[in-house]
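Novice: Sharing a sequence plus its predicted fold:
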Amino acid sequence: MPDELASANVNRTYSLAATCVAIFTFTMIFLYPRYVNGEANALLFQATLVVMAVATFSYVFSAFHYYGASMGERNGDAERATYARRGDRLWLLGTTLLFLCPSLVLFTIGMYLVGAVWLVLWLSYLLFVSRYFPRVQTDQG
């Protein structure tokens, strides 16, 4: 992975982690009062927060690995490729979970039809990724 691409991946991944934190904050501001009042499904609300936490930290760990891949003078090509592949996988996990969150939020507040549409789209994304991700991830060094 070229140094410029690895550095750009670090910046993009940190931006996605920050987006997750913003979504988490939004969820807490608007859904927590419903959760406290019993208007939101408690189990789904907590599951949504866990999914968002895993997505956020997947992005943070992905950025760390992309940073390791950008350290050209310190790491050999094989080690850089290993860092990049780990970063790719962690990025994919974060993105996959981030795309799951809308359906969980919709189910939490009882919007089952719209939540089901989001869930079907998420499952379509899973099928797409399972087919094409191996083709686009970083090659082994």
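Specialist: Cool, got the structure. Numbers count the residues shown, from 1 in each chain.
Novice: Nearest residue to the middle of the chain?
Specialist: G94 (1.7 Å; C-alpha atoms, centre = their mean).
Novice: so which helix or strand takes in that one?
Specialist: helix 77-108 (DSSP states H and E).
Novice: C-terminal to that helix, what's the next element?
Specialist: Immediately after helix 77-108, counting by DSSP H and E, sits helix 112-136.
Novice: circling back to that earlier point, nearest residue to the residue nearest to the centre of the chain other than its sequence neighbours?
Specialist: S58 (3.5 Å; C-beta to C-beta, 6 or more residues apart in numbering). For every residue, glycine as well, the C-beta is placed using N, CA and C.
Novice: what do you get for V54?
Specialist: L97 is the one closest to V54 (C-beta to C-beta, 6+ apart), at 5.6 Å.
Novice: related to what we said a few turns ago, helices or strands up against the helix holding G94?
Specialist: helix 3-37, helix 42-70, helix 112-136 (3 or more C-beta pairs under 8 Å, 6 or more residues apart in numbering; DSSP states H and E).
Novice: which parts of the first one are buried?
Specialist: Judged by neighbour count using 16 or more other C-beta atoms under 10 Å, the buried positions of helix 3-37 are 6, 9-10, 13-14, 16-17, 20, 23-24, 27, 31, 35.
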